[in-house]
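In: Would you be able to build a 3D model of this:
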Amino acid sequence: MLSELPALDPMGKWELPEEECKKRRDLRNTRIFSIDPLGSQDVDDALGVTKLPNGNIQVGVHIADVTYFIQPGSPLDTEAALRSTTVYLSDRKFDMFPGRLSENVASLREGVDRPALSVIWEFNLKLEVENVWFGRTAIRNYGEIYYEFAQRVCDNKCTPEEMKKLGKDFPQVREEIQILMKIARKLRENRIAAGAVELESTEIRFKFDDKGSKLPTTLIPKRSQEINKTVAEWMIFANKAVAERIFRNYPTCALLRHHVLPRAHRFENLIKMAASRGFNMNVSSNKDLSESLDQAVVPKDPTFNLMLRTMATLAMEEAEYISTGSYSQEEFYHYGLAAKFYTHFTSPIRRYADVLVHRQLLGAISQPVQDPIMTDGQMTDMCQHINRRHRQSKNAQRDSTELFECLYFRNFPEISEGIIYEFRNNGFQVFLPKFGIQGTVWLRSSTGELQIPENAMSLNPERYTSGIKIRNFRINEENSKLILETEKGEISVELFDHVMIKLNVQESRAHRPQLKMELVNFGSSQSSQENSTSTSTSTSNLKIPSKNEIHREMEEAILKQEEIKASLESRVPENFRPDYKTYAQSGSNLYLLFENFSQLEIPAGISDEISTSTSTSTSTSSHDKTVRYWKLKKRPKQKMIQVEDDGGFREFEMTDEEREMIRLEAEERRRSKMTLEQKYSGQISQLETKMRGMMMRNKK
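Out: Just a heads-up that it's a prediction; the model follows:
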């Protein structure tokens, strides 16, 4: 099969022959650049902006011309059709085409001549399309730019090294990217006005160790910046234009992609969730749904709208490829994008459907128009095969992500903030925005045992207790509430309330490991529960515990320590017990004592009783009311920070808020490793002394 591909030179490179360039529209002297994720090898799209003498703007979307290399029915074409798509897993990928094609000769690499299939528009000053051109071109990629770099170019926040990469053309490149963004905003506004639904989903990627073990060491949520949306908008615009063009010439066998209206019952959870915060979700059409989502905003809680859009995404049906001869024209409609005609044209290196669309477009613009590449029946069979392969690829990608999530959280358990979106008989469903993970938190085991932590009502269970013990719970299905029964009365937890969740892994000999979610406490570190509009008592009304509650926790810790000590003594043989009592270490050792001194924090309100120090400093904030005994020395502002994407460094001054956030995160990591005894070692020792004194006085 590799014999079908052009030979490479001794340096492993290939360029489009000059004879072929003459047959195409030559754009090699026009500045064209690609914007992709960092490290991409299969570059299949590029963009170009040109200002015309009449004041109009010309924008081109240039796609790798894979059909120049692959002939219909050849062994390579047959194999690509069977695979239908490149499969991307967390740690590897399985290409649809060989690497020599996908990462070299067909890829629009920087500084080399490449064949492309282009769509070029001319926009007037009102950003309206004057005309559009389709055809084969010869291009030379000016530069491979990754998303974060392009965003910094647009924002004029590049490092000197990055500016050096673009050289004297930096101002022109910046202006061209800004023009692309400006027109893309207009295109997006038009789509949304037509009824397009702006959905949300969180993608994550992994960083692996460099020792070859393939174990993930870092989990990074993918951030979507404006430049990501800009590139996506231009790809959507090109796909729509090509879909209309191929349908015009092949109305009975054009390959389109449609997205059907979701069935009403799939929106039930979304409607119920929005109603819990007083919003009406109209799902009668995509335009009504889009407007309802735009209006469902809680100003102080941005995760609320994010959660609704994520739930709307889950309610959608899967989009599919179709042959136009087997459907009515009303059924061509793409619900999510509000497009009458839509197809896939922009990724022929990794999707076989795009290869077929390229062939149909080339046939449609030929003079005379070529015969269809397939009949309606053949195209329908091919679409069904491609749809099946895409579902399999999607499932494999999902399973791979879940597996590597387990591998990561097995070694790095983490506590993260979650949002409740559904109640069940024995627990609730929770969504973790940071990782885009959903799961079930069980409050009762399969044997009926209560699985709610004793300190679940504390806003910060690592530092203090709430003094509220949960005895039982029940689900109020009518009002969608979780009712917690405590010794001080009932407390209600509602949909969209925030909780802190511990992520770890449940191992099994018979099945693969599964991600396990455990409740840490109700509420969040940022007090997001203040957004609740409920008049009933909620977790946001919890207060910092009193002195008596802190004392009670200390007493319980001392009693527990005594029980452990007695248990150890009971296991020592009687003839060794005198020596054990004489020489065994019963308390904290010296090293732990010094460590506790360096990390000591005492809750506000009891410092007068447990400290004789007169030189204490107070640090108070909305989320952490503590009296700190040790004040950090004033350090110079941090100026160097590592850029995760490229491993390099860039200089900038961190704000006080960023430094405080880093300090709090480091402090939380230290405290999470401490036992209760370590946290309150000083207080416990003083309380022990007081109790012994009281016992001595009672004996006298």
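In: Look up how far residue 142 lies from residue 29.
Out: 10 Å (Cβ to Cβ, to the nearest Å). No exception for glycine: its C-beta is placed from N, CA and C like everyone else's.
In: Looking at those two, which is more packed in?
Out: residue 142 (19 against 8; other Cβ atoms under 10 Å).
In: pLDDT score assigned to that one?
Out: Residue 142 carries a pLDDT score of 93 in this model.
In: How about residue 297?
Out: 90.
In: what's the neighbour count on residue 505?
Out: 17.
In: what's across from it in the sheet?
Out: Listed by DSSP bridges, the beta-bridge partners for residue 505 are residue 515.
In: any low-confidence regions in the stretch 151-300 of the chain?
Out: Residues of the stretch 151-300 of the chain that meet the criterion pLDDT under 70 lie in 212.
In: any chance you could map the helices in it?
Out: 160-166, 170-194, 226-249, 268-275, 286-295 (DSSP state H, counting those that start in this stretch).
In: Out of these, which one sits most buried?
Out: Counting by mean count of other Cβ atoms under 10 Å, helix 226-249 has the highest mean neighbour count of these, with a mean of 21.
In: Show me what it is packed up against.
Out: strand 45-51, strand 57-64, strand 113-123, strand 129-146, helix 147-155, helix 170-194, strand 255-258, helix 352-365 (3 or more Cβ pairs under 8 Å, 6 or more residues apart in numbering; DSSP states H and E).
In: Kindly reformat the helices of the stretch 151-300 of the chain as JSON lines containing distance to residue 220.
Out: Converted to JSON lines, those look like this (distance: least, Cβ to Cβ, whole Å):
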{"stretch": "helix 160-166", "distance to residue 220": "21"}
{"stretch": "helix 170-194", "distance to residue 220": "24"}
{"stretch": "helix 226-249", "distance to residue 220": "15"}
{"stretch": "helix 268-275", "distance to residue 220": "28"}
{"stretch": "helix 286-295", "distance to residue 220": "27"}
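In: Identify whichever of these lies nearest to residue 53.
Out: The closest of these to residue 53 is helix 170-194. By Cβ to Cβ, the value is 16.4 Å.
In: and for the closest one, what are the contacting residues?
Out: With Cβ atoms under 8 Å, 6 or more residues apart in numbering as the test, helix 170-194 has contacts from 31, 33, 47, 49, 57, 59, 123, 127, 143, 150, 153-154, 156, 158, 163, 166, 198, 226-227, 229-230, 233-234, 236-237, 287, 290, 337-339.
In: List the buried residues for the longest helix along the chain?
Out: If you go by DSSP state H, the chain has its longest helix at helix 376-411. Across helix 376-411, burial judged by 16 or more other Cβ atoms under 10 Å covers 376, 379-380, 382-383, 386-387, 389-390, 393, 400-410.
In: gap between the spatially most central residue of the chain and residue 19?
Out: Geometric centre of the chain, nearest residue: residue 202, 3.0 Å, by Cα atoms, centre = their mean. Distance, residue 202 to residue 19, by Cβ to Cβ: 48 Å.
In: Equivalent analysis for residue 339, please.
Out: With Cβ to Cβ as the criterion, residue 339 and residue 19 are 39 Å apart.
In: Could you list the low-pLDDT ranges of the chain?
Out: 1, 212, 458-467, 479, 524-662, 664-688, 690-692, 694-695, 697-700.
In: picking up where we left off before, so the residue nearest to the centre of the chain sits against residue 435, correct?
Out: Yes - assessed by Cβ atoms under 8 Å, residue 202 is found in contact with residue 435 at 6.8 Å.
In: if we can go back for a sec, how about the residue nearest to the centre of the chain: what's its closest non-neighbour residue?
Out: For residue 202, ignoring the flanking residues on the chain, the nearest one in space by Cβ to Cβ, 6 or more residues apart in numbering is residue 436 at 2.7 Å.
In: OK, contacts around the one you found?
Out: Contacts of residue 436 by Cβ under 8 Å, 6+ apart are 201, 202, 203, 204, 221, 310.
In: Would you mind checking the residues you listed for buried ones?
Out: Using 16+ other Cβ under 10 Å as the threshold, 202, 204, 310 are the buried ones among the contacts of residue 436.
In: gap between the second one and residue 432?
Out: Spelled out, it's residue 204. For residue 204 relative to residue 432 (Cβ to Cβ), the value is 11 Å.
In: now the first one
Out: Computed with Cβ to Cβ, the distance linking residue 202 and residue 432 is 9 Å.
In: Over to residue 14?
Out: Counting by Cβ to Cβ, the gap from residue 14 to residue 432 is 46 Å.
In: And for residue 13?
Out: 45 Å.
In: Looking at the two, which one has more neighbours?
Out: residue 432 (19 against 12).
In: you'd agree that one is up against residue 501?
Out: Yes - judged on Cβ under 8 Å, residue 432 makes contact with residue 501 at a distance of 6.5 Å.
In: Next, show the common contact partners of the two.
Out: Joint contacts of residue 432 and residue 501 (Cβ under 8 Å, 6+ apart) are 416, 417, 418.
In: Helix or strand: which one has the last one?
Out: Right, the one you point to is residue 418. strand 414-424 (DSSP states H and E).
In: what pairs with that strand, and is each one parallel or antiparallel?
Out: strand 427-432 (antiparallel), strand 498-506 (antiparallel).
In: right, and those - which one's nearest residue 371?
Out: strand 427-432 (51.0 Å).
In: quick revisit: residues in contact with the residue nearest to the centre of the chain?
Out: Here residue 202 is in contact with 221, 222, 310, 433, 434, 435, 436 (Cβ under 8 Å, 6+ apart).
In: For the residue lying closest to residue 340 once chain neighbours are set aside, grab the count of nearby residues.
Out: Once flanking residues are discounted, residue 340 sits nearest to residue 333: 6.0 Å by Cβ to Cβ, 6+ apart. Per other Cβ under 10 Å, the neighbour tally for residue 333 reads 19.
In: Same question for the one 4 residues further on.
Out: For residue 337, the count of nearby residues is 20 (other Cβ under 10 Å).
In: Number the chain from 29, please
Out: Will do, 29 is the new start, and the previous item becomes residue 365.
In: dump the residue contacts of it.
Out: 219, 224, 264, 268, 287.
In: Name the SS class of it, please.
Out: coil (DSSP: H, G, I helix; E, B strand; the rest coil).
In: Please consider this matter closed, and thank you.
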